[in-house]
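Q: Next comes the sequence, and after it the predicted model I'd like to discuss.
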Amino acid sequence: MARCAPSGHLQFPHHTLSADESRGEVSRIPVEDVVAEFDPTNAGFAAVAKQLRDANVRHILLIHGTFAGGDITGFVREVKRFSPVRASRIDEISKAWFDELAGDVGNYTEGYAKQLSYLINTEGSPTIKVERFGWSGENHHIGRADAAVSLLGKISSMDPKGRLLVMAHSHGGSLLAMLSQIAAAPHEAKEYFFKATRLHYHSPLRSKVDLQDWMHAREILLDGHKPSREIDIATFGAPLRYRWNERVVPRLLHFTQHRPTDGADPLKAVIPKSVGDVITAAAGDYIQHLALAGTDFIPSIFALRDVVVERRLRRMFESTARRRDLFQKLKQGRRESSDGKTLLVDYAATPGREHQKLFGHGVYTSPAWLQFHFETICEHFYSRAGTLRADAALEEG
C-alpha cells in the first residue's frame, strides 16, 4: 500500500533489495524438465485449451517489454498531442519495422499471437481471443506509467465476461505491477499520482489536456470503480522493480531464465565475468538481473516536460538508496519477486537461435516454448492446487 516517506513524498511499494525485504516463493525447473516443442499442434494443446475454458479464460493479452515498442524516444507521443491519427499511423509503421527486424526474439509478434489463437481455439468451442497490447517501450517511469494508463483503458473497454490472462515480457510486467499498486491505492494516493503527473498529460501553454487516455484513467480510478473481471498475470524476465498488489492480482507467476553457476547458492544470479558470458547467457537472463532501480534512462529531448515528471515518479516508485549502491545490490544475485511465485527456468538451447539470446532475455517469446509455458501456467493457475494458492493469497491480503 502507498505510504508517506520520511521526506514527505508519497511512495508506492517497490523492491528495495534490502536485507529485511520479504522474499517471495521460488522454485527451480531444471533443464531436463523444460521441453521445447518446435511444431505444436491442436492435439498437443487440447488439454491446455480445456483447462483454460474450464477456468473461464476468454481473453489472452500479450504485452512486450522495453525497446520493443513503436515509440522508444517518445516522439510519437508528442505527435499524438496534436494529431492522434497521424501518431497512430507512425506508431504502426515503427512497430511493424521493429517486428520485422527482431522477429520473436524478446518480442511478441503478430505471428505468435495468431499461432497461439490457432492452437487453443477449435471449432464448436467458445473462442478465446488473443491479441497484443502495444506501448512505447521507453525505459523510464513515465513511459511505463503512460502505458499503464493506456492499458487500464484497454482492459476497461474489453468484454467483462470471463477471465483475462496477461502474458508480459520484461518491463511489460513492470507496468502491470505499477498499475496494480495505483488501482489498489486509497483515493488520496491516486489524487497525488495524477497531480504529480499532470504536466505530462496537461499542456501548461495551451491550458488543456492533450493526452485523453489519462483523463479516462482518472475517471475510472477516482470514481470508486472496481474492475469486475478477474485478471491472471504471467511475467517473463520481469526485473525486480515495482511491487505487486496481490489483492488485485491473486494469480501471479514469474518465469525467469536461470542457470545455477554459484556453487554455494543455486538460486543466486552471478555478475558476468566476461563478454562471452553475456553473449552466451551463461548464467541465464542478465537483463532481468541487471535492470534494477537506477538503470532507467531520462526522457528524450522530444519530451522535455517529462523530465520533471520523471523526477517526481522516481521519488514515488524507487528506493531512496544511493545509485552507487547498485553494484552491491547486483552482487546479491536475487532473482525472485517478493510477490507471487517465481520459477527459475533453465531453458535448453534451441537449434538456429544460438546467436539470438539477447543476453538471456530473448528466449521467452520463442514459439518453441509456447506449450511448456501454457502447461506450466495452467498447472499453477487453473488446477485445483493453483486455485487454492490464489484463494490463500486473497485471504492473506
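A: Done, it's in.

Q: any idea how far the residue lying closest to His141 once chain neighbours are set aside is from Ala293?
A: Spatial nearest neighbour of His141, chain neighbours left out: Leu313 (3.8 Å); criterion: Cβ to Cβ, 6 or more residues apart in numbering. Where C-beta positions appear, they are placed from N, C-alpha and C, glycine not excepted. Going from Leu313 to Ala293 by Cβ to Cβ, to the nearest Å gives 12 Å.

Q: try His9
A: 15 Å.

Q: The two: which has the busier surroundings?
A: Higher neighbour count among His9 and Ala293: Ala293, with 22 against 13, using other Cβ atoms under 10 Å.

Q: tell me the contacts of the residue positioned nearest the centre of the chain?
A: Nearest residue to the geometric centre of the chain (Cα atoms, centre = their mean): Gly173, 1.2 Å. Gly173 makes contact with Ile63, Gly65, Ile233, Thr235, Phe236, Ala238, His254, according to Cβ atoms under 8 Å, 6 or more residues apart in numbering.

Q: Repeat that for Ala68.
A: Here Ala68 is in contact with Phe98, Ala102, Gly106, Asn107, Tyr108, Gly137, His169, Ser170 (Cβ under 8 Å, 6+ apart).

Q: how about the second one, phi and psi?
A: Dihedral angles of Ala102 (phi, psi; degrees, to the nearest 10) stand at phi -90, psi -30.

Q: So the spatially closest residue to it that is not a sequence neighbour, which state does it fall into?
A: Computed as Cβ to Cβ, 6+ apart, the closest residue to Ala102 that is not its neighbour in sequence is Ala68, at 6.9 Å. When classified by DSSP: H, G, I helix; E, B strand; the rest coil, Ala68 comes out as coil.

Q: Just say helix, strand or coil for Leu313.
A: State at Leu313, reduced to three classes by three-state DSSP: helix.

Q: What ranges in the stretch 151-300 of the chain fall below the confidence cut-off?
A: Scanning the stretch 151-300 of the chain for pLDDT under 70 picks out 224-228.

Q: Where do the helices of it begin and end?
A: For the stretch 151-300 of the chain, the helices defined by DSSP state H, counting those that start in this stretch occupy 171-184, 187-196, 198-201, 212-222, 275-280, 286-290.

Q: Those helices: which one's closest to Thr350?
A: Relative to Thr350, the nearest member of the helices of the stretch 151-300 of the chain by Cβ to Cβ is helix 275-280, separated by 13.6 Å.

Q: Spit out the contact partners of the residue nearest to His141.
A: His141, Ile142, Ala145, Ala196, Thr197 are the contacts of Leu313 under Cβ under 8 Å, 6+ apart.

Q: Tell me the pLDDT of it.
A: At Leu313, the pLDDT value in this model is 96.

Q: Including distance to Ala55 and neighbour count, could the contacts of Leu313 go into JSON lines?
A: Below are the contacts of Leu313 laid out as JSON lines (distance: Cβ to Cβ, whole Å; neighbours: other Cβ atoms under 10 Å):
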{"residue": "His141", "distance to Ala55": "34", "neighbour count": "28"}
{"residue": "Ile142", "distance to Ala55": "35", "neighbour count": "28"}
{"residue": "Ala145", "distance to Ala55": "31", "neighbour count": "26"}
{"residue": "Ala196", "distance to Ala55": "38", "neighbour count": "19"}
{"residue": "Thr197", "distance to Ala55": "36", "neighbour count": "24"}
